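Undergrad: predicted model and sequence follow; I will ask about them next.
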4 protein chains.
Amino acid sequence: MEIGFIGLGAMGKAMATNLVKAGHRVRVWNRSPGPAAALREIGAEAAANAGDAFRGDLVISMLAEDGAVRATLLDNGAIAAAPKGLLHINMATISVALATELTTRHRECELGYIAAPVFGRPDVAAAGNLNIVAAGPTDLLDRAQPVLDVLGQKTWRVGEEPIRANIVKIAGNFMLGAAIEAMGEATALTRGYGVSAGDLLEILSNTLFAAPVYKGYGALIAEERYEPAAFKLKLGLKDIRLALAAGDGANVPLPMASLLRDNMLDAIAAGDGDRDFAVLATVAQRRAGQLSKS
Amino acid sequence: MEIGFIGLGAMGKAMATNLVKAGHRVRVWNRSPGPAAALREIGAEAAANAGDAFRGDLVISMLAEDGAVRATLLDNGAIAAAPKGLLHINMATISVALATELTTRHRECELGYIAAPVFGRPDVAAAGNLNIVAAGPTDLLDRAQPVLDVLGQKTWRVGEEPIRANIVKIAGNFMLGAAIEAMGEATALTRGYGVSAGDLLEILSNTLFAAPVYKGYGALIAEERYEPAAFKLKLGLKDIRLALAAGDGANVPLPMASLLRDNMLDAIAAGDGDRDFAVLATVAQRRAGQLSKS
Amino acid sequence: MEIGFIGLGAMGKAMATNLVKAGHRVRVWNRSPGPAAALREIGAEAAANAGDAFRGDLVISMLAEDGAVRATLLDNGAIAAAPKGLLHINMATISVALATELTTRHRECELGYIAAPVFGRPDVAAAGNLNIVAAGPTDLLDRAQPVLDVLGQKTWRVGEEPIRANIVKIAGNFMLGAAIEAMGEATALTRGYGVSAGDLLEILSNTLFAAPVYKGYGALIAEERYEPAAFKLKLGLKDIRLALAAGDGANVPLPMASLLRDNMLDAIAAGDGDRDFAVLATVAQRRAGQLSKS
Amino acid sequence: MEIGFIGLGAMGKAMATNLVKAGHRVRVWNRSPGPAAALREIGAEAAANAGDAFRGDLVISMLAEDGAVRATLLDNGAIAAAPKGLLHINMATISVALATELTTRHRECELGYIAAPVFGRPDVAAAGNLNIVAAGPTDLLDRAQPVLDVLGQKTWRVGEEPIRANIVKIAGNFMLGAAIEAMGEATALTRGYGVSAGDLLEILSNTLFAAPVYKGYGALIAEERYEPAAFKLKLGLKDIRLALAAGDGANVPLPMASLLRDNMLDAIAAGDGDRDFAVLATVAQRRAGQLSKS
């Protein structure tokens, strides 16, 4: 297929690479030129601008956050100028407010639109093992499926309204943050009685909590290995804010998300914003006076 | 072996039954007589009182909470009167304060003492598949091991001080509560945008959160199946209080545990104290005005 | 003086009225025409549009929130077209982000700008007894003082940067919300032991807490008198969001503000968004199961 | 009158001194002998033990916390041995659980019993200006009134059941903690934008929050004057725990009290447990990274 691809951050670059390797004709665009050059070396074409990527069989966008989506796709007229009938697969994690606006805007412009945010870090994207949560009209999902199959190990369809995929992604990232905070408090508690984070988490992440989140982040916490960051805490905070904003929109109190927000601000104030999301666990330790003792 | 067994609640009864079936000579005692009678039918002996169970090769106690332990083992002199050198395996979930006191008391009375609390519901106990967290002097743990192997699928040794096992158990139950609360808030959030708890949790408990806690409690939440209770919310609150009390003792702030405590009181005030711990998830729904709409 | 006045809500109308009565020549503008007509009857002139109010000696704006300020003063060019040197006194409660933007914009347009948000409900405004928190260059504050003296009982000057007045106002409203929540929880607690809100608050608001906030909101809580709303809960939530957003901007965790936010969403979900801010106190009662009992 | 007085801490010593000066015959007892000696110098008599103070017209106890009350009055038989009909005025801040137990115990022993906890620091006690919250049978309150009039500026009667006075005192101290936390967060917020605690609190404690709590603690916060402690943070935590325990007893969620508890543990872990309760305000500053900058 002929695919436009917008947004070549750590995630997007890995995904676009997989599409090229799978034999698709991929036209890429990125705000800074470096990543596009790397993609060209393996056979991708370069789009002249974001709008230029909006042609062919479908276009995928994987931008970092609401502001980038708005600047790249809305403000500069890329969507407005796209050929009618083109399918746009938005795989970014964005707010429900922007998701709603984009759905309307594509309909007005007679473009196909599906939301397909993903679970997985860059290494998972590189392996083509993402879990993709997709929502949109069934016929559009069917058109997208061969491409999604290249990018992920499984596509979870959650309905016809694109926003449904976005809220699932937001809820999942909130639960991720909650799991890290829980590990942070639990290990601060046991450490107060001489039991290390490693001792505690080895047991739990092999029994009741034998899941990727607990094994992966648990290992980072046990080893106090917060750099290099696979997923920066300040990006995690962005996602918690999306959860809180979504809660605002539907009058859903989210006290645990509020707690995460405050503790993540604490971490940022302590200088840990660019370290891995797992560093959130140190807030509980610091507040218990355990870090200064070490 | 000749084993005393004190405390025949849902957990204790299943465990004592396994010991009898494994060929041990088991002398049981329980505050109310019914469960002991059932055990006698399959070959157990009845102890005349709690103290009478304190003889033979070792004694196991599996009592419901601090008060029961204190009344059954300390106040009536059972420990004080036990034959020197006897090994006592305390498998109950108790406070770190009482754990410390018991360790001292057994030393004074020249008794062996190990703490071996368990993870697993009654059905897991019946299957002999508990995860046992054990702490105590290595030679005592070695003596206990054959018996623990009957009761659980694995024994996780965490050190020589009994209290270490207790704090691990407390931390694990806190994390369990945190996971339920996270699922409750996450599903209230997605429900506010039309995505059911089942849709959300099917995805998450098969990907990032593919662990027993999320699968098991997630299913209860998705199906709103809170009765019969395998683990009552009010017993879950008892464990959260143990976590908060342990935090008090070591100056460890536990804001997530505090949040759990308040939401569990909310659930009890709403009449859900005797329903399954998973009912905690409904607090977020009720606060979002979602329950009255249904 | 010749004064433009933009924004004739409950607060603005009372303030503009006082300026007319004090003998100033006041040119008013409001999005909906009714309030301007009432002002004309007592001697005010009508501005043709918001920009038309930007002339004379100074212009005062008292708009409801960021969106209204942006729409009325920025988007339509009112500030851009104003005569150089004109003094603008912005008395609205706005975000620190917008306050910063406005300060820059006025400087670019060579206009004088001071922020002068107020503490006080509409009845206090009508009596000319507002407490005004003002910040801006000293010479501009001096120019504004005679007018501020008509509107308030006292002007508290807090520095040269306008944003300083805004953050003080935001912090004050946060503390107001915290006081209401504290009264809500305290009265739920005593009510759980048979002591009414009235009994508790009569004592406290006449001793340790003998201050307007506790006397005023305490009376509303004790009498469960939440309508008519002098200050609606949903407007209170707007202010708490300003506090949280300001905290975001400076990496200041605000757990008490987060708690307020969640409880106010709870109140809105329960249908109380248009009732008085004091209705926040009922959240604690409802969660304790006390409302269904009454 | 002939008055027994038990408990000569900072508060009790000031109160007993006032009774002596008012011409009463006072028989004092204290666990450590120093304070009793000082009282003897101004004319008090020394009781041989706590039980020896239980005679004459009435006995007042002003002990530090539940444990001291239990050890001094219950465990050693002082109440059991007291002459029937004697009136005991318990002015300590104790738990509702102990208050209930004491009420029952006095009835069994045919003693009069009223609870009369106080608001006010030691300097207020010395000036005879305490606010006393009293509950008990009316005839007993009438008997106590002349003595209470010596100790306080006003007695607030709240009913016939002693526990009612205790819960009012507990709720008041919770509100005090909430006010300090609110000031802590508010000043951290404004400080993030360059406005000092002093600037903010001068305005608020002279307008909306013009009450003793805000003026007094606000001054300590503004001046960062946390020593010497008039009321130690760790004693404040004791009172918050009484609130939480009372909430437990009546199924009242108290999220703000939970927040206070966690932040006070944070303060204690940071080494501030023996500083004034006002030091709680520094937790918000430290979490915002403001303390390390100073």
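TA: Everything's here; your move. Residues are numbered from 1 along each chain as shown, chains lettered A, B, ... in the order given.
Undergrad: tell me, how many residues neighbour residue A:154?
TA: 15 (other Cβ atoms under 10 Å in any protein chain shown). The way it works is simple: take the backbone N, C-alpha and C, and place the C-beta from them, glycine included.
Undergrad: sec struct for the closest residue to it other than its chain neighbours, please.
TA: Nearest residue to residue A:154 in three dimensions, chain neighbours excluded: residue A:131, at 5.7 Å (Cβ to Cβ, 6 or more residues apart in numbering or on different chains). Under DSSP: H, G, I helix; E, B strand; the rest coil, residue A:131 falls in the strand class.
Undergrad: what pLDDT does the model give residue A:131?
TA: If you check residue A:131, the pLDDT there is 98.
Undergrad: equivalent analysis for residue A:294, please.
TA: In this model, residue A:294 is scored at 40, pLDDT.
Undergrad: show me where the stretch 51-200 of chain A dips below the pLDDT cut-off.
TA: By pLDDT under 70, the stretch 51-200 of chain A contains no weakly predicted segment.
Undergrad: if you go through it in chain order, where are the strands?
TA: Assigned by DSSP state E, counting those that start in this stretch, the strands in the stretch 51-200 of chain A fall at A:58-61, A:87-90, A:112-115, A:118-119, A:130-134, A:152-157.
Undergrad: relative to residue D:62, which of those is closest?
TA: In terms of Cβ to Cβ, the element of the strands of the stretch 51-200 of chain A nearest to residue D:62 is strand A:118-119, at 60.7 Å.
Undergrad: re earlier: what about the residue nearest to residue A:154, distance to residue A:84?
TA: 32 Å (Cβ to Cβ, to the nearest Å).
Undergrad: among those two, which residue is more densely surrounded?
TA: residue A:131 (20 against 8).
Undergrad: identify the bridge partners of that one.
TA: With DSSP bridges as the criterion, residue A:131 is bridged to residue A:119, residue A:154.
Undergrad: need the contact list for it.
TA: Contact analysis of residue A:131 by Cβ atoms under 8 Å, 6 or more residues apart in numbering or on different chains lists A:118, A:119, A:120, A:152, A:153, A:154, A:156, B:203, B:207, B:208.
Undergrad: repeat for residue A:251
TA: Taking Cβ under 8 Å, 6+ apart, we find residue A:251 in contact with B:192, B:288, B:289, C:265, C:268, C:269.
Undergrad: what do you get for residue A:193?
TA: Residues in contact with residue A:193 (Cβ under 8 Å, 6+ apart) are B:96, B:163, B:164, B:167, B:246, B:250.
Undergrad: picking up where we left off before, what is the nearest of the contacts of residue A:251 to chain A?
TA: When the contacts of residue A:251 are compared for distance to chain A (Cβ to the nearest Cβ), residue B:192 wins out at 3.0 Å.
Undergrad: can you report how many residues lie near the residue lying closest to that closest one once chain neighbours are set aside?
TA: Excluding the flanking residues, the one nearest residue B:192 by Cβ to Cβ, 6+ apart is residue A:250, at 3.0 Å. Residue A:250: 20 surrounding residues under other Cβ under 10 Å.
Undergrad: residue A:48 too?
TA: Residue A:48 has 9 nearby residues by other Cβ under 10 Å.
Undergrad: again, but for residue A:287
TA: Neighbour tally, residue A:287, other Cβ under 10 Å: 29.
Undergrad: how about residue A:199?
TA: The burial count for residue A:199: 20, using other Cβ under 10 Å.
Undergrad: and residue A:34, by the same measure?
TA: 10.
Undergrad: and it, how close does it get to residue A:28?
TA: Residue A:34 is 12 Å from residue A:28, by Cβ to Cβ.
Undergrad: likewise residue A:102?
TA: Residue A:102 is 21 Å from residue A:28, by Cβ to Cβ.
Undergrad: likewise residue A:147?
TA: Going from residue A:147 to residue A:28 by Cβ to Cβ gives 14 Å.
Undergrad: those two - which one has more neighbours?
TA: Higher neighbour count among residue A:147 and residue A:28: residue A:28, with 28 against 22, using other Cβ under 10 Å.
Undergrad: so who does that one touch?
TA: A:4-6, A:8, A:16, A:35-36, A:39-40, A:44-47, A:53.
Undergrad: separation between whichever residue of the stretch 51-200 of chain A sits closest to chain D and chain C?
TA: In the stretch 51-200 of chain A, the residue that lies nearest chain D is residue A:192 (9.5 Å; Cβ to the nearest Cβ). Distance of residue A:192 to chain C, given as Cβ to the nearest Cβ, to the nearest Å: 21 Å.
Undergrad: with residue A:221 instead?
TA: Residue A:221 is 21 Å from chain C, by Cβ to the nearest Cβ.
Undergrad: okay, and that residue sits in which element?
TA: In the assignment (DSSP states H and E), residue A:221 maps to helix A:212-223.
Undergrad: is that helix anywhere near chain B?
TA: Yes. Using Cβ under 8 Å from any Cβ of the partner chain, helix A:212-223 reaches chain B at A:212, A:213, A:214.
Undergrad: wait, the last one touches residue A:180, no?
TA: No. Under the criterion of Cβ atoms under 8 Å, residue A:214 makes no contact with residue A:180, lying 9.4 Å away.
Undergrad: burial of the closest residue to residue A:176 other than its chain neighbours, as a residue count?
TA: Spatial nearest neighbour of residue A:176, excluding adjacent residues (Cβ to Cβ, 6+ apart): residue A:213 at 5.9 Å. Burial measure for residue A:213: 24 neighbouring residues, criterion other Cβ under 10 Å.
Undergrad: what about residue A:213, distance to residue A:182?
TA: 10 Å.
Undergrad: just checking, next helix/strand downstream of the helix holding residue A:221?
TA: Next element after helix A:212-223 (DSSP H and E): helix A:233-250.
Undergrad: tell me the angle of that following helix relative to helix C:233-250?
TA: With axes from the mean of the first three to the mean of the last three Cα atoms, to 10 degrees applied, the angle from helix A:233-250 to helix C:233-250 works out at 170 degrees.
Undergrad: following helix A:233-250, which helix or strand shows up next?
TA: Going down the chain from helix A:233-250, the next helix or strand is helix A:255-269, by DSSP H and E.
Undergrad: packing partners for that following helix?
TA: Other elements packing on helix A:255-269 under the criterion 3 or more Cβ pairs under 8 Å, 6 or more residues apart in numbering or on different chains; DSSP states H and E are helix A:162-191, helix A:233-250, helix A:281-287, helix B:163-191, helix B:255-269, helix C:255-269, helix D:281-287.
Undergrad: need the residues of helix A:212-223 next to chain B in JSON lines with pLDDT, can you?
TA: Shown next, in JSON lines, are these (pLDDT from 0 to 100):
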{"residue": "A:212", "pLDDT": "95"}
{"residue": "A:213", "pLDDT": "97"}
{"residue": "A:214", "pLDDT": "98"}
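Undergrad: what residues does chain A put near chain D?
TA: Chain A has residues A:255, A:265, A:266, A:269, A:270, A:271, A:287, A:288, A:289 near chain D, with proximity defined as Cβ under 8 Å from any Cβ.
Undergrad: what's the pLDDT at the closest residue to the last one other than its chain neighbours?
TA: Computed as Cβ to Cβ, 6+ apart, the closest residue to residue A:289 that is not its neighbour in sequence is residue D:269, at 3.5 Å. The predicted structure scores residue D:269 at 98 on the pLDDT scale.
Undergrad: residue A:26: helix or strand, and which one exactly?
TA: Going by DSSP H and E, residue A:26 is in strand A:25-29.
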